[in-house]
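*Asks:* starting from these lines, generate the structure:
(one chain, ligands or ions: 2)
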Amino acid sequence: MSVPKKLFIKTYGCQMNVYDSERMAEALGGKGYVETPTPDDADMILLNTCHIREKAAEKVYSELGRFKRLKAENPDLKIGVAGCVAQAEGQEIMRRQPLVDLVVGPQSYHRLPEMEEKTRAGEKALDTDFPEEDKFEKLRTRPKAARGPTAFLTVQEGCDKFCAFCVVPYTRGAEVSRPADRILTEARDLVERGVREITLLGQNVNAYHGAGSGGDLTLAQLIWELDKVDGLERIRFTTSHPNDMSDDLIEAHGTCSKLMPYLHLPVQSGSDKILKRMNRSHTADSYLRLIERIRAARPDILLSGDFIVGFPEETDEDFQATMDLVPEVGYGYAYSFKYSTRPGTPAAERPQVDEDVKTDRLHRLQALITKQQRAIQDAMVGRTVNVLFEKSGRLQGQMVGKSEYLHSVHVLNPKAGVGDIRPVRIVDSVTNSLAGEAIAQG
Ligand code: SAM
Ligand code: SF4
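*Replies:* Ligands and ions are numbered 1, 2, ... in the order given. Okay, here's the model as predicted:
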C-alpha cells in the first residue's frame, strides 16, 4: 500500500469556505491525501482564502512567504491558493509568488485532482473559470466516516445583488442554487454519520430557488423537505438578505419546529441615504417592519446582523442613524466592520471617510452592540433552553453545546453525550457563554 500524502489546508473567512475546504480535502482524498494539522510535514499546502476583509490579498502573500523554508526543505511540496483571493488575483499570484504551483477559484474545486496531477508533472495549474457543471456534484461523495453533531451544507452560491462595497458577485459569480434532491441526499448522508444540526449556507441563502421534482423550490420549501428527514433535529440557514425574506420563510419560523429561532439578517447601515448608495434596496424602516413581521411569527427569535461603518460619504448624522437602529432591533449578536475598499467595486472609486473617523465610529458601535448582546444573554438566566451537546468542556465532567438561540452553554455532568439534546436551566451568564444545569428527566 502506498504511503498517504499529507495535505494541510488553512481556511480563512466564512462558513462557506469551511464547507469548501472539507470538499477539497475529500476531492484530494481520492488522490491519496490525508489531512495534517500542520504545514511542516505536508506534501501539499492549500490556502483557502477570503477577500471580504481588509488587505486580504496582502495577508495571503505574507503567509505564502512563510512557506519558503518548507519548500526549500522539500522541493516536492506543492503550494496552492484557493478561494476568493485566488479568483480575484488569478495569474497575478503566480507572477508575484513563484512558490505557488496551483491557483483555483471557488467554482473549480472539482478539477483539483487533475490540477494536482499537473503540478506533480512539474507544471503550474491555474483555473479561475466559472464552469457550467455543478462542482458539488462532480466532487467525490463524502466517505462514510462518523462526524460531529453539526455540519454546514452549501445550497446556494454567488450573488446578483451587487452591493456597492462587496466583491462576492465578482469572486463567487452569479447566483446559483443546487437542486433540492442533491441537498436532501447530502443531508441524509450527514445524518447517517451522526449529524443532528445542519446549517444551510449561501451568500444569499434566502434567494434559494433550486430545482425540485415539481418545479423550483423556495428556501422555505427546502426547509420543509429537510424537516421530514428522520434524525435531523435542527435546521439553520445563513446569510440572508432582507429583500429575500419571503412570506413562506417568515411563516416557517413560526411553524417548523426544526427551524431554530435564530436569524442573521444584515442591515449594513441605519441611514437611508447610505443604504441607497450601498445599492441595498431596503430602507431602515422597511427593515424594521420586516423584523416586526418575523417577531410576530416567532416572538422569541434571536436576531443578528452585520454593519459597515465609514462607507463613502457617511456623515455623523448617517452614523447616528445606525446607532439609533441598534436598540430598535435588539441584536443578540452583531458583526461590525470598517468599510474598506475592494478594487473593482463601485464604492472604491468614491470619496473616502478618514480612517480615524471610521475607527472612532467602529468603537462606538461595537460598544453599543456588546452591551446589547450581553443584556440579551444575561436575560437567559432562569430560562430553560434545549442544548445540543457538541464536545467536552475544560472541567472534569463538563459538556459544551449550543442552545436553540446559538448561545454557547456549558453544563457539569449533564448525563448526556455528544449529539444529545437536553433541556437545561440557565443559571449564570459569563463572557460569551452561559452556564446551565441539567434538568432531571422523569
Ligand atoms: N450577503 C450578505 C448580505 O447581504 O448582507 C453578506 C455577505 S458578506 C460576505 C459578509 C459581510 O461582510 C457583509 O454583511 C458586510 O457587512 C461585510 N463586508 C462586505 N464587504 C465589505 C467591505 N468592502 N468593507 C467592509 N465590510 C464588508
Ligand atoms: Fe455581497 Fe451580500 Fe450584497 Fe451579495 S447581497 S453583494 S453577498 S453584501
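
*Asks:* phi, psi of the nearest residue to Glu251 once chain neighbours are set aside?
*Replies:* Closest residue to Glu251 apart from its sequence neighbours, by CB to CB, 6 or more residues apart in numbering: Ala297 at 6.0 Å. C-beta: built from backbone N, CA, C; applies to glycine. For Ala297, the backbone dihedrals (degrees, to the nearest 10) come out as phi -80, psi -40.

*Asks:* for ligand 2, what is the nearest residue in the stretch 301-442 of the chain?
*Replies:* Asp306 (8.1 Å; CB to the nearest ligand atom).

*Asks:* host element of that residue?
*Replies:* strand 302-309 (DSSP states H and E).

*Asks:* would that strand count as contacting ligand 1?
*Replies:* Yes: using CB under 6 Å from any ligand atom, strand 302-309 reaches ligand 1 at 306, 308.

*Asks:* gap between Phe311 and Val353?
*Replies:* Distance, Phe311 to Val353, by CB to CB, to the nearest Å: 7 Å.

*Asks:* of these two, which one has the most company?
*Replies:* Per other CB atoms under 10 Å, whichever of Phe311 and Val353 has more neighbours is Phe311, with 26 against 20.

*Asks:* and the more buried one, that one's in a strand?
*Replies:* No: Phe311: not assigned to a strand; according to DSSP: H, G, I helix; E, B strand; the rest coil it is coil.

*Asks:* my read: Gly401 touches Glu390, true?
*Replies:* Yes: with contacts counted by CB atoms under 8 Å, Gly401 reaches Glu390, the gap being 5.0 Å.

*Asks:* neighbour-wise, which of the two wins?
*Replies:* Set side by side, Gly401 and Glu390 show more neighbours around Gly401, with 29 against 17, by other CB under 10 Å.

*Asks:* doesn't the more buried one lie inside a strand?
*Replies:* Yes: assessed by three-state DSSP, Gly401 belongs to a strand.

*Asks:* residues touching it, list them.
*Replies:* Neighbour list for Gly401: 387-391, 408-409, 411 [criterion: CB atoms under 8 Å, 6 or more residues apart in numbering].

*Asks:* which of the residues you listed count as buried?
*Replies:* 387-390, 408-409, 411 (16 or more other CB atoms under 10 Å).

*Asks:* ok, of these, which one's closest to Ala86?
*Replies:* The nearest member of those to Ala86, counting by CB to CB, is Glu390 at 31.2 Å.

*Asks:* could you look up the SS state of the closest one?
*Replies:* Here Glu390 is strand, with the state taken from three-state DSSP.

*Asks:* wait, it sits on Pro149?
*Replies:* Yes: using CB under 8 Å, Glu390 makes contact with Pro149 at a distance of 5.8 Å.

*Asks:* overlap in contacts of these two?
*Replies:* Residues touching both Glu390 and Pro149 (CB under 8 Å, 6+ apart) are Val418.

*Asks:* separation between Ile93 and Thr128?
*Replies:* 10 Å.

*Asks:* now stretch 287-303: buried residues?
*Replies:* 287, 290-291, 294-295, 298, 301-303.

*Asks:* got JSON lines for the residues you listed, with distance to Pro169 and pLDDT too?
*Replies:* Formatted as JSON lines, the buried residues of stretch 287-303 follow (distance: CB to CB, whole Å; pLDDT from 0 to 100):
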{"residue": "Tyr287", "distance to Pro169": "21", "pLDDT": "98"}
{"residue": "Leu290", "distance to Pro169": "23", "pLDDT": "98"}
{"residue": "Ile291", "distance to Pro169": "26", "pLDDT": "98"}
{"residue": "Ile294", "distance to Pro169": "26", "pLDDT": "98"}
{"residue": "Arg295", "distance to Pro169": "31", "pLDDT": "98"}
{"residue": "Arg298", "distance to Pro169": "31", "pLDDT": "98"}
{"residue": "Ile301", "distance to Pro169": "29", "pLDDT": "98"}
{"residue": "Leu302", "distance to Pro169": "29", "pLDDT": "98"}
{"residue": "Leu303", "distance to Pro169": "25", "pLDDT": "98"}
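
*Asks:* filter the residues you listed by proximity to ligand 2?
*Replies:* Among the buried residues of stretch 287-303, no residue sits close to ligand 2 (CB under 6 Å from any ligand atom).

*Asks:* can you give the distance of the helix or strand harbouring Ala25 from its chain's centre?
*Replies:* Per DSSP H and E, Ala25 falls inside helix 15-29. How far helix 15-29 lies from its chain's middle: 13 Å, per CA atoms, centre = their mean, to the nearest Å.

*Asks:* for the helix or strand following it, what is the average pLDDT?
*Replies:* The helix or strand immediately downstream of helix 15-29 is strand 33-35, counting by DSSP H and E. Averaging pLDDT along strand 33-35 gives 92.
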